[in-house]
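**Student:** sequence and predicted model, in that order:
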Amino acid sequence: MLIYEYKLDGTKAQYAALDEAIRVVQFIRNKCLRLWMDEHASKNDLQCYCAALAKEFPFARALNSQARQASADRAWFAISRFYDNCKQKKPGKKGYPKFQHDNRSVEDKATGWKLEPDGRHITFTDGCGVGRLRLVGTRDIETFPVKQIKRVRILRRADGYYCQFAVQAERHIEHVPTGKLVGIDVGLKTFYTDSEGATVENPRHYRKAEKRLKRLQRRLSKKQKKSQNRKKARQSVAKAHLKVQRQREDFARKAANALVSSHDLIAFEDLRIANMVRNRRLAKSISDAAWGRFLSWVNYYAALHNIPVIAVPPHFTSQNCSACGTCVKKSLSVRTHICTGCGVVLDRDHNAAVNILQKALSTVG
């Protein structure tokens with residue numbers, strides 16, 4: 001499944017209609033969730049409930065029928081995830097479904113929209129009154145048959161409205177073998193260090209933008225509540241955070257693609273990042289590094305290139321010597337590994353990356 005995204009260009013009236021459609025989606029999802037709480041409804045019950053809501057509420061009837069069903073699917077996704085966590089006895093909170101108050105998207109399936117042959121305009125044909133919108137972007141969505149477009153999703157972000165097309169297609173990449181096997185150790189001083197000693201610098205996007213974000217937040221706090229100036233200041237803060245988010249995403253994708261393209265096997269530590277951010281001194285830096293996003297893109301590109309990616313347990317990767325296996329206890333402040341057994345001297349992260357690769361090779365052979 002490929003996702004093609006465009007920015008939507010329309011009038012204020014059309015944007016208001018999109019906002020109304022997004023609110024209706026939130027309303028249907030919350031009503032379905034309440035039905036499940038009261039009557040323990042099944043997935044099929046929630047789908048049938050959408051038709052009852054359309055008869056009862058005229059504003060719900062204006063939304064396309066398949067968009068209403070997609071809203072019920074969202075409620076059932078939260079419910080099924082809660083059930084799965086309970087069955088698997090996940091430690092801690094199980095993620096009991098909550099009512100949504102900040103929905104920002106609406107999703108259509110095969111009906112409710114019409115793409116023009118030039119691929120530069122889309123018309124929404126449901127009763128919400130959105131009408132014809134221009135698609136701003138460089139993707140060639142018109143090259144795909146309409147039957148291959150399975151979903152059309154409208155997103156509201158801080159800088160405008162976007163349209164995503166979910167296209168049923170396979171992406172083929174021919175991997176050029178390099179004969180290189182690598183282990184990587186993610187960190188805060190450097191973004192990651194590989195088993196060959198090469199490093200990638202940590203971009204620290206949030207840290208660099210923090211001064212400006214604080215200034216914008218101070219301006220927001222001084223505005224009168226429910227005023228137009230406060231709304232503008234809030235929009236400025238949201239846009240600044242969105243820029244940082246996009247910088248992280250862009251860096252993670254490019255770094256992951258470069259790593260996968262140049263190696264035939266990748267090993268990394270299976271870190272519990274959700275537990276690591278509980279450290280109040282390192283939480284901001286760990287979140288800024290976005291290791292989880294980077295590793296998810298590594299797995300994605302590795303699947304495209306058809307190369308193995310192995311997650312190894314993180315125990316003692318920094319403490320054990322990569323040359324002789326001697327355990328050398330070190331605190332986080334000690335950045336150099338000096339082995340008391342064989343005398344080898346390595347950077348702490350380089351030593352850990354070599355251990356990670358050795359663990360992976362002992363697993364797969």
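**Tutor:** Nice, I can see it. Numbering: from 1, shown residues only.
**Student:** low-confidence stretches in the stretch 1-150 of the chain?
**Tutor:** By pLDDT under 70, the stretch 1-150 of the chain has no low-scoring segment.
**Student:** repeat the analysis, applying 90 as the threshold.
**Tutor:** 1-2, 40, 89-94, 109-112, 116-119, 125-129, 137-147 (pLDDT under 90).
**Student:** give me the three-state assignment for Val106.
**Tutor:** strand (DSSP: H, G, I helix; E, B strand; the rest coil).
**Student:** show me what contacts it?
**Tutor:** Contacts for Val106 (Cβ atoms under 8 Å, 6 or more residues apart in numbering) come out as 18, 21-22, 24-25, 63, 67, 153-154. Just so you know, the C-beta spots here come from the backbone N, C-alpha and C atoms, and that holds for glycine as well.
**Student:** that one and Ile141, how far apart?
**Tutor:** 19 Å (Cβ to Cβ, to the nearest Å).
**Student:** do Met1 as well
**Tutor:** Counting by Cβ to Cβ - Met1 and Ile141 are separated by 14 Å.
**Student:** what strand or helix carries the nearest residue to Ala62 once chain neighbours are set aside?
**Tutor:** Nearest residue to Ala62, sequence neighbours excluded (Cβ to Cβ, 6 or more residues apart in numbering): Gly127, at 3.5 Å. Assigned by DSSP states H and E, Gly127 belongs to neither a helix nor a strand.
**Student:** burial measure for the spatially closest residue to Cys32 that is not a sequence neighbour, as a count.
**Tutor:** Here the nearest residue to Cys32 in space, its sequence neighbours aside, is Ala75; by Cβ to Cβ, 6+ apart that works out to 3.9 Å. By other Cβ atoms under 10 Å, 25 other residues sit near Ala75.
**Student:** now do the contacts for Ala75.
**Tutor:** By Cβ under 8 Å, 6+ apart, the residues touching Ala75 are 29-30, 32-33, 36, 46, 97.
**Student:** just the closest of those to Ile149, please.
**Tutor:** Distance to Ile149 across the contacts of Ala75 (Cβ to Cβ) is lowest for Arg29, with 23.3 Å.
**Student:** check contacts around that closest one.
**Tutor:** By Cβ under 8 Å, 6+ apart, Arg29 lies in contact with 71-72, 74-75, 100, 103.
**Student:** helices - which of those land there?
**Tutor:** Using DSSP state H, the subset of these located in helices is 71-72, 74-75.
**Student:** buried subset of the contacts of Val106, written for ChimeraX?
**Tutor:** The ChimeraX selection below is limited to those of these classed as buried (16 or more other Cβ atoms under 10 Å):
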select :18,21,22,24,25,63,67,153,154
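**Student:** which of the contacts of Val106 fall in strands?
**Tutor:** Among the contacts of Val106, the residues falling in strands (DSSP state E) are 153-154.
**Student:** list the contacts of stretch 322-332.
**Tutor:** For stretch 322-332, contacts defined as Cβ under 8 Å, 6+ apart pick out 316, 318-321, 337-342, 344, 346, 348, 351, 354-355, 358.
**Student:** buried set for the longest helix seen in the chain?
**Tutor:** If you go by DSSP H, the chain has its longest helix at helix 228-261. Using 16+ other Cβ under 10 Å as the test for burial, helix 228-261 gives 230, 233-234, 236-237, 240-241, 243-245, 247-248, 251-252, 255-257, 259-260.
**Student:** just to revisit the earlier point, got CSV for the ones in helices among the contacts of Arg29, with distance to Val186 too?
**Tutor:** Below are these laid out as CSV (distance: Cβ to Cβ, whole Å):
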residue, distance to Val186
Ser71, 38
Ala72, 39
Arg74, 32
Ala75, 36
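**Student:** quick one on the thing from earlier: what's the most distant pair in the contacts of Val106?
**Tutor:** Every pair of these checked by Cβ to Cβ; the farthest is Val24 and Arg153, at 14.9 Å.
**Student:** helices of the protein, residue ranges please.
**Tutor:** Remark: helices assigned in the chain by DSSP H are 12-39, 43-56, 58-62, 65-87, 205-222, 228-261, 273-276, 283-289, 291-305, 348-364.
**Student:** out of those, flag the one nearest Gly187.
**Tutor:** Nearest to Gly187, of all those, is helix 348-364, at 5.3 Å by Cβ to Cβ.
**Student:** quick one on the thing from earlier: who wins on neighbours among the ones in helices among the contacts of Arg29?
**Tutor:** Result: Ser71 is most packed of those (other Cβ under 10 Å), 27 neighbours.
**Student:** excluding chain neighbours, what is closest to that residue?
**Tutor:** In space, Ser71 is closest to Ile28, 4.0 Å off (Cβ to Cβ, 6+ apart).
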